[in-house]
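>>> Build me a model from this:
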Amino acid sequence: MRYFLDAEFNGFGGQLISLALVPEDQEASSFYEALQYHAPEAWVADHVLPVLQTRPISRPEMIADWPEDIAQLTLLMVTGPGWRMPLPRLRFKLLDLPFFDSETLSDVPHNACHDAMALRAYVLAEEQPWTKLPDPLEETIGYP
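This is a model prediction of the structure:
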């Protein structure tokens with residue numbers, strides 16, 4: 001599938017402000033986000049910022065459970081022998097998740113999108129603070 005890319009910058013060669021990927025198939029989902037920006041040039045302040053139509057997010061952090069997943073993503077950044085996409089900053093976080101099993105937790109195992117959704121659900125659940133479980137004695141007595 002082909003995707004059409006457009007990006008807005010803070011002046012020629014400046015900081016990335018927003019990026020969109022629009023699929024050829026109009027039924028497929030598009031990607032559009034804006035990054036936090038600083039000191040916009042006058043033309044950008046007048047023409048780009050008023051039409052962002054989204055709130056800026058922080059730079060993405062990639063989370064994976066297997067080193068090869070990160071390797072495959074980074075290979076997409078290689079544009080030719082000795083050449084790569086210029087990235088001012090990109091962070092990866094490789095988590096050791098001994099109880100995470102995409103085969104069991106994914107709605108469609110071995111589908112990258114569903115496996116990533118399962119990983120997301122697992123990590124977000126892990127990040128939640130423990131909640132107090134109801135005490136059967138308190139329920140019997142009627143204490144709140």
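>>> Let me see the ranges of the strands in the protein.
Per DSSP state E, the chain carries strands over the ranges 3-9, 16-23, 31-34, 61-64, 78-80, 83-84, 91-94.
>>> Can you tell me how far the residue most central in space within the chain is from Val48?
Nearest to the geometric centre of the chain sits Pro60, at 5.2 Å (C-alpha atoms, centre = their mean). As judged by C-beta to C-beta, to the nearest Å, Pro60 and Val48 stand 20 Å apart. All C-beta spots, glycine's among them, are computed from the backbone N, C-alpha and C.
>>> swap in Ala39?
With distances taken as C-beta to C-beta, Ala39 is found 13 Å from Val48.
>>> Comparing these two, which shows the higher neighbour count?
Legend: neighbour count by other C-beta atoms under 10 Å for Ala39 and Val48, higher for Val48 (19 against 9).
>>> mind listing what's buried in the top helix by length along the chain?
In the chain, taking DSSP state H as the definition, the longest helix is helix 112-127. Buried positions in helix 112-127, judged by neighbour count with 16 or more other C-beta atoms under 10 Å: 115-119, 122.
>>> And these, which is closest to Leu94?
For the buried residues of helix 112-127, the residue nearest Leu94 by C-beta to C-beta is Leu119; the value is 11.8 Å.
>>> Now the closest one: closest residue in space, sequence neighbours ignored.
Distances taken as C-beta to C-beta, 6 or more residues apart in numbering put Asp65 closest to Leu119, at 5.8 Å, once the chain neighbours are dropped.
>>> how much space between the residue nearest to the centre of the chain and Asn111?
The value you get for Pro60 to Asn111, if C-beta to C-beta is used, is 21 Å.
>>> same deal with Asp25?
From Asp25 across to Asn111, the span is 18 Å (C-beta to C-beta).
>>> got any ranges where this protein has weak pLDDT?
1, 131-144 (pLDDT under 70).
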